[in-house]
Structure formats: C-alpha cells, structure tokens
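Novice: coordinates only, no sequence provided:
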C-alpha cells in the first residue's frame, strides 16, 4: 500500500546469501524471519536509544552472526504495511532527527559484535571495504542531501552539512568511495568540501537529463572512465569524484549510440547521430560492422574485460571506422559523423544475402563495451541503394524493426537488368575501339 521495501534481494530464491556481496545491504529492515535461538545465543536486541531505524543494527548483527541466510520467493511470507495516515516514523521524522538517527545507526553497525570477523570491510582499510555502509551513504544520507538540503535555510544547511562532514571524516574510506555510484559519491564529496552551489548545479543537471529521458555522457580517458557532471575537470573538484569503478554500464548503454541519418555513396556508408560520450572521447570509440546470421537479432550490449579494439582483420569484423565527435556545449552527448568503407563486405559477399549489425565499441576503463547502434525512427533508415561496380551490381539496405531497435545492414547481389547489360556492353565496346 505504498510502503517501500527494496525488492532486489527478493527477486529469486537463494539458499545461501552473502551479506557483503549481495543486495541484502539495501534491505536491512526487520521484514524477515529470524530464528529465536540465534537471537538468544548472541543476545541480539533492538537499540533502544534510536528513535528511528532501530531495526537496522538488530538486523545487521543477526545477519552477521547467522551461519546461513536464505531467501525464499515461492510465496509471500511477510506483509510490510504503511499506515494509512503515513505516521510510520520513517515517513514523518524531520531532517535533523533523521540525521541524528543515521549517525547513531552507522556507529551502532560499525561497533556491533560479530561484524568484524564476518564482515571486515565495515571499517575498511583498502579498496575492498565499505559494503554495508555504502547503503547508508547512498540512501539515508543521499536522501538528506538530495531532498532536504536544497530547500533548507542557510543556517540549517550549514548544520546538516556539518553533520555529514563528521561522518565523512570518520567513515569515508577509499573502499567505501569506490563502491558507491558516481552521483551518490559526488553529492557527498561536494557537501564535504562545502561546495553547495556546485551541488545544486549537479542536482539540476541530473534532473534535466532525467526529464529528457537521457543520462550524463561518459568521459573516456586512457584506462579510466568518468561520468560528466558540472564541475568535472575544475580546480575545486577531484577527478576521482566522477570516476567509474565497478559499475556495469550495459543497461545504461543500450541507447548510447543513436543513428539519425545515413546515406550510401559508392563503396561507403555515411552515418550521423549521437553517442553517449563527450566530444573528447573520440580515441576510445569506433564503429564496426559485425557479421550476423540472416534474420538473427543483434546481440545486446556486451561487456568484455581487458579487451581493446577488435583486430580489423578478424573474421568477426567486416569493417570499421573512427568517429568524428563534436558538441555545442559541455554536458551534451556528442554528435558523431563517420564514413564506413564497405569494400571488405563487397569482397566477401557470396550468392546469398549477408546481414551485419552496426555497433560502436567503447573502451571504458578496463572494459570494452560493444554497443549496437540503434535507429531513432523505425523502418528503413535509407532506401535501397546500389553499391559497388556496375558489372557486379549489389544492393544494400540499412534498416531496423522498430524505433530504438538495433540497426542491420543487409547486402546482397542484384539481378542485372537487360538495360544495364546493354549499357555495360556499349561501354565495353567503346573501350575496345
């Protein structure tokens, strides 16, 4: 009835769930079934000094002490209900109380018995730490920064910022920072560095992207990738605040390469469109043709670890081209132009039609993403065109099933009409005189 309980951990049955390596950290409410013997053995009780969130330290300690955590999704076992008058303390508590509560929750969790041996990253010393506290810096503190802070009077903003800064001083470790998504990390860093004006610009820019159904572009550099937000590459910020770490971008990149115009010219295919990167990312992006079985649907976005660009001579590539990128203003996705040489396609063409998926390869940090190019509109992006020498007439068509569906280049031999044969014969006869 409107009460929110994060559902990611409940998507499938799992006999044994790891507290640190799963979405369980984002479901720390007491909407679970606990063995009484476990609670009695370890004397696990609610923290009575907390006005809100007292179930979190209780749940974390129980999960840390348990020999097994299982998730059952075969039927409904627990109903979580929001009161009709919305008086649940989670929904009705003012910001200063929630700040005090989340501070106490973090301190309780970090000091809880059983946490360190089962989950040493709670007080992380290296890049692997911070799994549990990632949730609190992303969600509870993130909500305070995202929803409460912008609308507060200046004095209250300073008080809220000071409380977050104290938590950053105590718990903001490299492991925690690298586990967080870019936007969540950037918000905390800007509060910690007292850059509230820049924080507001970041929030406004992100909201504008969301209104357009868009996402901020990636900034690709050698071996490293960032997400562009206001303040990137400025003296008052650090590039690490914007850096991508372990995020899987496959879902985000599904619509990253959009083709708006296409035309055949001789042996070439000219393409124009938009790409979800900044204009200076050109050296780490290129377009390729990948042979696919006739009628087969192109593969979704693929992520390959420690992979560079595909060898142009490989059988899996029928052609490639670099991308000319440009943009009118910072923060926009780059417009691209490219000319794809189809000579290799013509050379390998047999008697039957050949399909090729049009893809963009992006080098993002230590990964390569192969992103199918999609059409902004459904149907044929170009009308059928004749390519290649006239005496080996070949037809090509660039098409998609629907809007925002992957593009397919189909190439096949065309029957040569009598009229064309007559033209060829006359041209040959003139050449022999």
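Specialist: Structure received. Predicted model, so just to flag it, every value in this text is computed and none were measured. Numbering: from 1, shown residues only.

Novice: which residues does the helix or strand where residue 209 lies contact?
Specialist: Take DSSP states H and E as the rule and residue 209 turns out to sit in helix 196-211. Residues outside helix 196-211 that contact it (Cβ atoms under 8 Å, 6 or more residues apart in numbering): 145-146, 149-150, 157, 161, 183, 186-187, 190-191, 215-216, 229-231, 236-237, 331. Where you see a C-beta, it was placed from the backbone N, CA and C, and this is true even at glycine.

Novice: am I right that residue 50 is in a helix?
Specialist: No - applying DSSP: H, G, I helix; E, B strand; the rest coil, one finds residue 50 to be coil, outside a helix.

Novice: pretty sure it sits against residue 109.
Specialist: No - counting by Cβ atoms under 8 Å, residue 50 sits too far from residue 109 to count as a contact (11.2 Å).

Novice: neighbour count: those two, which is higher?
Specialist: residue 109 (23 against 18; other Cβ atoms under 10 Å).

Novice: which residues touch the helix or strand containing that one?
Specialist: Taking DSSP H and E as the criterion, residue 109 maps to helix 95-111. Applying Cβ under 8 Å, 6+ apart, the external contacts of helix 95-111 come out as 47, 49-53, 56-57, 60, 93, 115, 122-123, 132-133, 136, 140-141, 144, 148, 152, 156, 159-160, 163-164, 166-167, 171.

Novice: so which helix or strand takes in residue 325?
Specialist: Taking DSSP H and E as the definition, residue 325 sits inside strand 324-326.

Novice: how many neighbours does residue 96 have?
Specialist: Neighbours of residue 96 using other Cβ under 10 Å come to 15.

Novice: what's the end-to-end length of stretch 65-81?
Specialist: Start and end residues of stretch 65-81 are separated by 28 Å (Cα to Cα, to the nearest Å).

Novice: buried ones in it?
Specialist: Buried residues in stretch 65-81, counted by 16 or more other Cβ atoms under 10 Å: 65-66, 69, 71.

Novice: for the spatially most central residue of the chain, phi and psi?
Specialist: The chain has residue 249 as the residue nearest its centroid, 3.3 Å off, counting by Cα atoms, centre = their mean. Here is the backbone geometry of residue 249 (degrees, to the nearest 10): phi -100, psi 10.

Novice: likewise for residue 372?
Specialist: The phi/psi pair for residue 372 (degrees, to the nearest 10) reads phi -60, psi 130.

Novice: ok, it - how many residues close by?
Specialist: The burial count for residue 372: 25, using other Cβ under 10 Å.

Novice: show the contacting residues for it.
Specialist: Neighbouring residues of residue 372 by Cβ under 8 Å, 6+ apart: 257, 298-301, 357-359, 406-407.

Novice: beta partners for the closest residue to it other than its chain neighbours?
Specialist: The shortest distance from residue 372 to any non-neighbouring residue, by Cβ to Cβ, 6 or more residues apart in numbering, is to residue 406 (3.9 Å). For residue 406, the beta-bridge assignment (DSSP bridges) gives partners residue 374.

Novice: need the helices for the stretch 101-250 of the chain, in chain order.
Specialist: 115-118, 131-135, 141-143, 154-171, 174-179, 182-192, 196-211 (DSSP state H, counting those that start in this stretch).

Novice: can I get the ones you listed in JSON lines with mean pLDDT, mean neighbour count and distance to residue 35?
Specialist: Listed next are the helices of the stretch 101-250 of the chain as JSON lines, based on pLDDT from 0 to 100; neighbours: other Cβ atoms under 10 Å; distance: least, Cβ to Cβ, whole Å:
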{"stretch": "helix 115-118", "mean pLDDT": "44", "mean neighbour count": "15", "distance to residue 35": "16"}
{"stretch": "helix 131-135", "mean pLDDT": "82", "mean neighbour count": "24", "distance to residue 35": "21"}
{"stretch": "helix 141-143", "mean pLDDT": "95", "mean neighbour count": "20", "distance to residue 35": "32"}
{"stretch": "helix 154-171", "mean pLDDT": "95", "mean neighbour count": "15", "distance to residue 35": "31"}
{"stretch": "helix 174-179", "mean pLDDT": "85", "mean neighbour count": "21", "distance to residue 35": "30"}
{"stretch": "helix 182-192", "mean pLDDT": "97", "mean neighbour count": "22", "distance to residue 35": "34"}
{"stretch": "helix 196-211", "mean pLDDT": "96", "mean neighbour count": "15", "distance to residue 35": "43"}
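
Novice: count of neighbours near the closest residue to residue 93 other than its chain neighbours?
Specialist: Nearest non-adjacent residue to residue 93, counting by Cβ to Cβ, 6+ apart: residue 52, 5.4 Å away. Residue 52 has 19 neighbouring residues, counting by other Cβ under 10 Å.

Novice: cool, the one 5 residues further on as well?
Specialist: Using other Cβ under 10 Å as the criterion, residue 57 is surrounded by 25 other residues.

Novice: that one contacts residue 47, doesn't it?
Specialist: Yes - contact between residue 57 and residue 47 holds when scored by Cβ under 8 Å: they sit 4.9 Å apart.

Novice: and residue 91, what's its pLDDT?
Specialist: Model confidence at residue 91, given as pLDDT, is 52.

Novice: kindly report the same for the one 4 residues further on.
Specialist: Looking at residue 95, its pLDDT is 93.

Novice: how much space between it and residue 142?
Specialist: Between residue 95 and residue 142 the distance is 13 Å, computed by Cβ to Cβ, to the nearest Å.

Novice: shared neighbours, residue 50 and residue 109?
Specialist: Shared contacts of residue 50 and residue 109, defined by Cβ under 8 Å, 6+ apart, are found at residue 57.

Novice: if I pick the residue nearest to residue 195 when sequence neighbours are not counted, what's in contact with it?
Specialist: Distances taken as Cβ to Cβ, 6+ apart place residue 236 nearest to residue 195, at 6.3 Å, with adjacent residues excluded. With contact taken as Cβ under 8 Å, 6+ apart, residue 236 is in contact with 193, 195, 198.

Novice: how near is residue 236 to residue 142?
Specialist: Using Cβ to Cβ, we find residue 236 at a distance of 21 Å from residue 142.

Novice: cool, and residue 56?
Specialist: Residue 56 sits 16 Å away from residue 142, taking Cβ to Cβ as the criterion.

Novice: re earlier: among the contacts of residue 372, name the buried ones.
Specialist: The neighbour-count test (16+ other Cβ under 10 Å) applied to the contacts of residue 372 identifies 257, 298, 301, 357-359, 406-407 as buried.

Novice: what's the lowest-pLDDT member of these?
Specialist: Comparing the buried ones among the contacts of residue 372 by pLDDT, residue 298 comes last, at 74.
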